[in-house]
Every structure is written in C-alpha cells, then in structure tokens.
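K.L.:
With the sequence up front, the predicted model follows.
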Amino acid sequence: MNNTAQAIIYETIREKILNGDYTSNTKLTETKLAEEFKVSRTPVREAIYRLKQEGLIKNNRIYKPTETDFRHHFEMRILIESYAARMAANYMSESNINKLQKCIDIARKGDSDDIVQINKKYHDLIVQESRNPIMIDTVDKMGSIIYLFSRTVVLHERPFLIDEHQQIKDAILKRNPDKAAKLMKQHLKTDLEFSLNVI
C-alpha cells in the first residue's frame with residue numbers, strides 16, 4: 001500500500017513540477033503534502049527522496065532545470081544509450097528484439113499516452129543491454145527529465161520519431177553496432193533540440 005501511495009504521490013508531484021503548477025523555489029514540506037494527499041509522512045518522504053535524486057527538488061524546494069541542465073543530462077544520456085545500442089546490436093536476444101518491434105508497432109497505432117509509455121519501454125529495453133548497473137541506475141535517476149522530453153516530442157508530434165526507432169531496431173537486428181550507436185546518438189540529439197524549441 002505504501003509503495004502504491006508513494007508512486008502516486010511521486011507521479012503527481014512530478015507532473016505538477018513539469019507542468020509548471022508548482023513554481024520554481026516553492027518549498028515542499030512532508031507535513032503539508034501528507035495532509036494534502038491524506039497519507040502518512042512515510043510515502044511522502046519516499047516520493048520527495050526520488051524527486052531529489054532526479055534533481056527536481058533541492059533543499060526541499062522545487063528546482064526548475066535550466067537549458068544548460070537539460071543539455072548536461074542529455075549529454076550523459078547520449079553517451080549511455082548510444083553505448084547500450086552498440087551492445088544491443090552485439091548481444092540482444094531475438095526475444096528482446098521482437099519486443100522492440102512490438103513497441104514500435106504499438107506506437108504507430110496508439111494514442112499519445114500509449115506512445116509516451118511505450119517509448120520508455122523501448123529505450124529501457126536498450127539501456128538494459130548496457131549490462132552495466134551504474135549506467136542503468138544513472139538513466140533511471142534521469143527519469144523525470146526523460147519523461148518531460150518524451151512527452152514533449154510525442155504531444156508535439158516530432159517528425160520521424162517512430163521511424164527512427166525502427167531504424168535503430170533494424171540496425172540491432174542486423175547486428176550492426178556502429179550504425180545502431182550512431183542512429184541512437186542522432187535520435188536523442190534531435191529529441192533534445194526539438195524539445196528545447198517547444199518547452
């Protein structure tokens with residue numbers, strides 16, 4: 001129950017921060033949030049801890065990332081995910097490659113909420129192929145930033161988004177690590193520039 005409450009509180013607060021419902025530098029207290037959500041302070045504390053890990057709360061205040069912050073996050077993400085795409089082209093199982101294709105097929109037919117969720121699954125499958133727990137944990141801690149950009153590119157219908165996923169998957173299927181890494185790097189750079197023009 002606590003885990004469910006923590007997840008709901010975390011997602012609600014994160015959404016409010018990313019949507020601008022909470023202004024920058026707003027102070028969040030466990031007591032006030034516990035009253036607002038009608039829960040004990042424990043799940044609130046856990047939710048705030050996750051948001052601190054993701055850089056959205058600093059010193060118990062809302063922190064709005066700057067364009068430079070976004071670029072720094074994406075530089076790290078590009079390094080990790082292009083490496084993971086290279087590893088996937090070498091080692092990903094046929095079963096997981098089929099899962100990538102299923103993600104692409106769902107994204108071509110789904111609504112925006114479906115696409116945001118399936119976009120995360122697609123990238124998570126590839127990140128897992130880094131086979132490096134520190135890299136995987138680093139991407140996980142960037143969850144809010146990644147979610148913001150994913151939602152932006154989907155809602156504003158960035159051109160060729162799903163086609164690029166298909167090209168990356170095809171390079172992985174053909175066991176072409178250099179191409180898979182290059183395509184992933186280009187894909188994420190395009191996401192970043194598109195999103196920064198919209199946000």
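P.N.:
Perfect, I can see it now.
K.L.:
Helices of this structure, residue ranges please.
P.N.:
2-19, 30-37, 41-53, 67-91, 94-109, 112-128, 133-141, 143-155, 161-173, 177-198 (DSSP state H).
K.L.:
Adding distance to residue 60, mean pLDDT and mean neighbour count, write those out as JSON lines.
P.N.:
Placement of C-beta: from N, CA and C, glycine included. Shown next, in JSON lines, are the helices of the chain (distance: least, Cβ to Cβ, whole Å; pLDDT from 0 to 100; neighbours: other Cβ atoms under 10 Å):
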{"stretch": "helix 2-19", "distance to residue 60": "12", "mean pLDDT": "84", "mean neighbour count": "16"}
{"stretch": "helix 30-37", "distance to residue 60": "9", "mean pLDDT": "90", "mean neighbour count": "14"}
{"stretch": "helix 41-53", "distance to residue 60": "8", "mean pLDDT": "91", "mean neighbour count": "18"}
{"stretch": "helix 67-91", "distance to residue 60": "19", "mean pLDDT": "96", "mean neighbour count": "19"}
{"stretch": "helix 94-109", "distance to residue 60": "37", "mean pLDDT": "97", "mean neighbour count": "15"}
{"stretch": "helix 112-128", "distance to residue 60": "28", "mean pLDDT": "95", "mean neighbour count": "19"}
{"stretch": "helix 133-141", "distance to residue 60": "18", "mean pLDDT": "94", "mean neighbour count": "14"}
{"stretch": "helix 143-155", "distance to residue 60": "17", "mean pLDDT": "89", "mean neighbour count": "20"}
{"stretch": "helix 161-173", "distance to residue 60": "36", "mean pLDDT": "98", "mean neighbour count": "20"}
{"stretch": "helix 177-198", "distance to residue 60": "28", "mean pLDDT": "96", "mean neighbour count": "18"}
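K.L.:
tell me the domain boundaries of the protein?
P.N.:
2-62, 67-198 (automatic domain parsing).
K.L.:
any chance of the helices of the chain in a markdown table, with distance to residue 59 too?
P.N.:
Converted to a markdown table, those look like this (distance: least, Cβ to Cβ, whole Å):
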| stretch | distance to residue 59 |
| --- | --- |
| helix 2-19 | 15 |
| helix 30-37 | 14 |
| helix 41-53 | 9 |
| helix 67-91 | 16 |
| helix 94-109 | 38 |
| helix 112-128 | 29 |
| helix 133-141 | 18 |
| helix 143-155 | 17 |
| helix 161-173 | 36 |
| helix 177-198 | 26 |
